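Trainee: quick one: sequence plus predicted model below, questions after.
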Amino acid sequence: MLLEAPFTEEKMRALKVGDLVEISGVVYTGRDAVHKYLHEGGKPPVDLRDAIIYHCGPVVVKEGGRWVVKAAGPTTSIREEPFQGPLMEQYGLRGVIGKGGMGPKTLAACQKVGACYLHAVGGAAQVLAECVTAVEGVHLMEEFGSPEAIWEFRVAKFPAVVTMDAHGKSLHANVASASAEALSRLLKP
């Protein structure tokens, strides 16, 4: 299913866990430094309302005077759990792309603001970079360095799976519960 900008609450609430989406529009990268900066009151250099933030530290180089993305794979999202929910609420973020899922605070924020967690395939950084059609800007690079900067990517048909939805469903929680049950059965004498 195509998920095109603008990424409105209505569009995100229509998604369900398990939906395969192809994202087209502008997404912003953001990792640890950006999340901490925003959480501590730093002013975002871009409008995050109805935006998707991508947990990604891309490899980007200048070629012929323009930025070219060489690798853009997802980074582990759970590190942002202390910050993600409050930032979603404060700025009206509608989506997060990453890998590995997030916890109950982010899931509650997804439900409250109408947002989704979108799982991208780890280990496919070069393939995902091909979905970046343009780098429209880079922000906070002097402060945080290239991998931690906010990169403004225009993407086309960027593949992801909805693994946490705006209805309180989480594939990650389901897998953790099923794994705990299986482990419990295995450990019974």
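Mentor: Cool, the structure landed. Numbers count the residues shown, from 1 in each chain.

Trainee: and the helices in the protein?
Mentor: Assigned by DSSP state H, the helices in the chain fall at 9-13, 32-39, 81-91, 104-113, 125-129, 141-144, 171-187.

Trainee: mean neighbour count added to those helices, as a markdown table?
Mentor: In short, each C-beta sits where N, CA and C put it, glycine included. Output for the helices of the chain, formatted as a markdown table (neighbours: other Cβ atoms under 10 Å):
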| stretch | mean neighbour count |
| --- | --- |
| helix 9-13 | 17 |
| helix 32-39 | 19 |
| helix 81-91 | 19 |
| helix 104-113 | 19 |
| helix 125-129 | 18 |
| helix 141-144 | 13 |
| helix 171-187 | 11 |
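
Trainee: can you redo those as JSON lines with mean pLDDT?
Mentor: JSON lines is the format used below for the helices of the chain (pLDDT from 0 to 100):
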{"stretch": "helix 9-13", "mean pLDDT": "98"}
{"stretch": "helix 32-39", "mean pLDDT": "96"}
{"stretch": "helix 81-91", "mean pLDDT": "97"}
{"stretch": "helix 104-113", "mean pLDDT": "97"}
{"stretch": "helix 125-129", "mean pLDDT": "95"}
{"stretch": "helix 141-144", "mean pLDDT": "95"}
{"stretch": "helix 171-187", "mean pLDDT": "83"}
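
Trainee: of those, give the one that comes closest to residue 47.
Mentor: helix 81-91 (8.5 Å; Cβ to Cβ).

Trainee: can I get the closest one in PDB? Just the C-alpha atoms.
Mentor: Extracted in PDB, the C-alpha atoms of helix 81-91 (Å, rounded to 0.1, in the frame of the first residue of the first chain):
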ATOM      1  CA  GLU A  81      12.200   4.900  24.000                       C
ATOM      2  CA  PRO A  82      12.800   7.500  26.800                       C
ATOM      3  CA  PHE A  83      12.300  10.300  24.300                       C
ATOM      4  CA  GLN A  84      10.100   9.100  21.400                       C
ATOM      5  CA  GLY A  85       6.700   9.300  23.000                       C
ATOM      6  CA  PRO A  86       7.000  12.800  24.400                       C
ATOM      7  CA  LEU A  87       8.500  14.100  21.100                       C
ATOM      8  CA  MET A  88       5.600  12.500  19.200                       C
ATOM      9  CA  GLU A  89       3.100  14.300  21.400                       C
ATOM     10  CA  GLN A  90       5.000  17.600  21.500                       C
ATOM     11  CA  TYR A  91       5.700  17.900  17.800                       C
END
